[in-house]
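# coords below, sequence missing:
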């Protein structure tokens, strides 16, 4: 699917050095966008940038200028602000913001046995980092009265899963934040939507999942397969584009039918 309005625009994908974020960066670059790939590991960012450049609309020499990597810890506002300044200097103001960085799901331990440090670390990695990235980039979008933001939740925010209660609360917070922000920014022409995946078969997960567990998961999804990073990336591109220009405040469950609200 092609979205001609995206060509030449600037996108930032946090958590873009691997998994869903990396695939999203590839899809957006394939639409002709100038893409900044964010992560925390410089080596992983470098590998992701090379991969994304190969999938860019113009995969020639110009792709080197159109796809860049920027390292930053999303839980550190000073680092996020420095990232924004670098992206704007090298690519221009950000039109599409995919806030995908987050932490692991954690172990599902009873609430009274959950360590306070684990609670805070999980909320910081998934919810606070989303808040800080938005806090940094929203002033420019307000001023330009334009922009599309896509946040990342999880099916764990919709129904009980094997994730920790801290992760569940953090992702539910992302959904609530998305709705509230969409209400506030709608009159300014800035749209905010959320993608909420079920189990996504990333390369990392594929190497760790026992066959019996995979069969059990397959049976829970009416479409008969697990999701792929491309499934989420394609929905993100749609939400980023003008094809969804009358959609805001939505959470789209990329869940193979496991969740049907």
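Happy to help now that I have it. Nothing here was measured: the structure is a model prediction, and the numbers come from that model. Residues are numbered from 1 along each chain as shown.
# As a check, name the ranges of all helices in the chain.
Secondary structure of the chain (DSSP state H): helices at 19-30, 42-54, 63-66, 77-90, 116-123, 129-144, 165-185, 203-206, 211-219, 229-240.
# burial of residue 117, as a residue count?
Neighbours of residue 117 under the rule other Cβ atoms under 10 Å: 8. In this view, the C-beta of every residue, glycine as well, is placed from N, C-alpha and C.
# if I look at it, how far off is residue 225?
For residue 117, the distance to residue 225 (Cβ to Cβ, to the nearest Å) stands at 37 Å.
# just residue 193 next, same as before
For residue 193 relative to residue 225 (Cβ to Cβ), the value is 24 Å.
# what's residue 32 in contact with, if anything?
Residues in contact with residue 32 (Cβ atoms under 8 Å, 6 or more residues apart in numbering) are 6-8, 56-58.
# of all the residues you listed, which comes closest to residue 38?
Looking at these and their distance to residue 38, the nearest is residue 56, at 17.1 Å (Cβ to Cβ).
# Now do the buried residues in stretch 13-32.
Residues of stretch 13-32 classed as buried: 13-32 (neighbour count, 16 or more other Cβ atoms under 10 Å).
# So for it, mean pLDDT?
Mean per-residue pLDDT for stretch 13-32: 96.
# Any idea how far it is from the middle of the chain?
In terms of Cα atoms, centre = their mean, to the nearest Å, the centre of stretch 13-32 is found 9 Å from the chain centre.
# what about that stretch, start to end distance?
Counting by Cα to Cα, to the nearest Å, you get 15 Å between the two ends of stretch 13-32.
# shaky segments in the protein?
Along the chain, segments meeting pLDDT under 70 span 59-63.
# quick one, phi psi at the most centrally placed residue in it?
Against the mean C-alpha coordinate of the chain, by Cα atoms, centre = their mean, the closest residue is residue 100 at 2.4 Å. Note on residue 100: its backbone torsions stand at phi -110, psi -10 [degrees, to the nearest 10].
# who's in contact with it?
So residue 100 contacts 13-16, 20-21, 24, 150, 152 (Cβ under 8 Å, 6+ apart).
# Can you add distance to residue 203 and give those residues back as CSV?
Compiled in CSV, the contacts of residue 100 are given as follows (distance: Cβ to Cβ, whole Å):
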residue, distance to residue 203
13, 17
14, 19
15, 15
16, 15
20, 11
21, 13
24, 15
150, 22
152, 18
